[in-house]
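Participant: Sequence first, predicted coordinates after that:
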Amino acid sequence: MGYRFTDLTDACHDDWRAYLEHDFVRQLGAGTLDEGAFRHYLQQDYLFLIHFARAYALAAYKSRTLTDLRQAHEGLKAILDVELDLHVGYCREWGISEEMLAELPEARATMAYTRYVLDTGNRGDLLDLHVALAPCLVGYGEIANWLNAQAFTVRGETNPFEAWIAMYESEEFQSAMLAELEWLDARLAGIAPARFAELARVFRDATRLETDFWQMGLDRAI
Ligand SMILES: Cc1ncc(C[n+]2csc(CCO)c2C)c(N)n1
C-alpha cells in the first residue's frame, strides 16, 4: 500500500485542523481581525517569504534530477520576481513602507519556522524539504477553501481582508497547490513505514510552527 499526502494530515489531524481553523483565520474570514494584528502578520510574512526563497534555493541544491532542479528554479524565480513585489505593494496599501520592511526585527515565531524548514532540508533530502514546506503551500489553499465554506465568512468589499482570501482561492494559486500535491503523492507512494513516520513528524512540526505564526500575528509578538 502506498502513502499519500492525506496520510500526513491524518497522522496529525488535530494539529492540522488547529492550524487551518485558527482564530486568526476565523477573524480574517469574518472581517473582524484587528488591523494591527494583520499588519504585524504582513510584516513578518515579508521576512518569511525571503527565507522561503532560500528554501527553494536549497531545493535546487538538493535536486537529483533536472526536472526537480527546474521546478526549484521556477519556485525561486516566482518569489523573487513576482511574489515579493506583490507583497511589498500589498504592504504599501496597508500603510507599511518598503523602508519599514527593510528595518524589521524578526519575530521569534518567524525565526523558528523558517529556520526549521531550512534545517530540515539541510539534514534531509528533497522529500523532507517538500514535506516541511507543505503546510505552507497546501495549507493556505485549504484555508481559503475552508473559509469559503463557512457561514461566518464575509466576501467582497466589506471585508478588509478580501484581497488575501481572493489571492489564495485564485486559480493560479490553487493549481500550484494541486501540482505540489501530485508531486508529494508520487514520492510518498514508494516509501516504507519507518520513513513515513519520520516525514509525519516533520509535517506535524511544520504545521505547529504555522499555528505559532498565526498566534504571533494575533499577539503582535516579536
Ligand atoms: C507563514 C506563511 N505560510 C504560508 C504562506 C503561503 N505561501 C508563502 S510562499 C508560498 C509559495 C509560493 O507562492 C505560499 C503558498 C505565507 N504567505 N505565510
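Facilitator: Yep, it's here. Nothing here was measured: the structure is a model prediction, and the numbers come from that model. Numbering: from 1, shown residues only.

Participant: how about the CA coordinates for the helix or strand hosting I165, as PDB?
Facilitator: Under the criterion of DSSP states H and E, I165 resides in helix 162-169. Taking Å, rounded to 0.1, in the frame of the first residue of the first chain, the C-alpha atoms of helix 162-169 are listed here in PDB:
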ATOM      1  CA  GLU A 162     -11.000  40.200   0.900                       C
ATOM      2  CA  ALA A 163      -7.800  40.500  -1.200                       C
ATOM      3  CA  TRP A 164      -6.000  38.000   1.000                       C
ATOM      4  CA  ILE A 165      -8.700  35.400   0.600                       C
ATOM      5  CA  ALA A 166      -9.000  36.100  -3.100                       C
ATOM      6  CA  MET A 167      -5.300  35.500  -3.600                       C
ATOM      7  CA  TYR A 168      -5.300  32.000  -2.100                       C
ATOM      8  CA  GLU A 169      -8.600  30.900  -3.700                       C
END
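
Participant: what about it and the ligand, touching?
Facilitator: No - Helix 162-169 does not reach the ligand (Cβ under 6 Å from any ligand atom); its nearest approach is 7.4 Å. (Glycine included, C-beta is placed from N, CA and C.)

Participant: Centre of the chain to that helix, how far?
Facilitator: 14 Å (Cα atoms, centre = their mean, to the nearest Å).

Participant: Now T153. Its backbone dihedrals?
Facilitator: Main-chain dihedrals, T153, degrees, to the nearest 10: phi -70, psi 130.

Participant: same deal with Q150?
Facilitator: Taking degrees, to the nearest 10 as the convention, Q150 sits at phi -100, psi 140.

Participant: Please work out how many residues are found near the closest residue to it other than its chain neighbours.
Facilitator: Spatial nearest neighbour of Q150, excluding adjacent residues (Cβ to Cβ, 6 or more residues apart in numbering): G29 at 6.0 Å. G29 has 24 neighbouring residues, counting by other Cβ atoms under 10 Å.

Participant: residues touching F213, list them.
Facilitator: F213 makes contact with Y41, Q44, F48, A109, T110, Y113, according to Cβ atoms under 8 Å, 6 or more residues apart in numbering.
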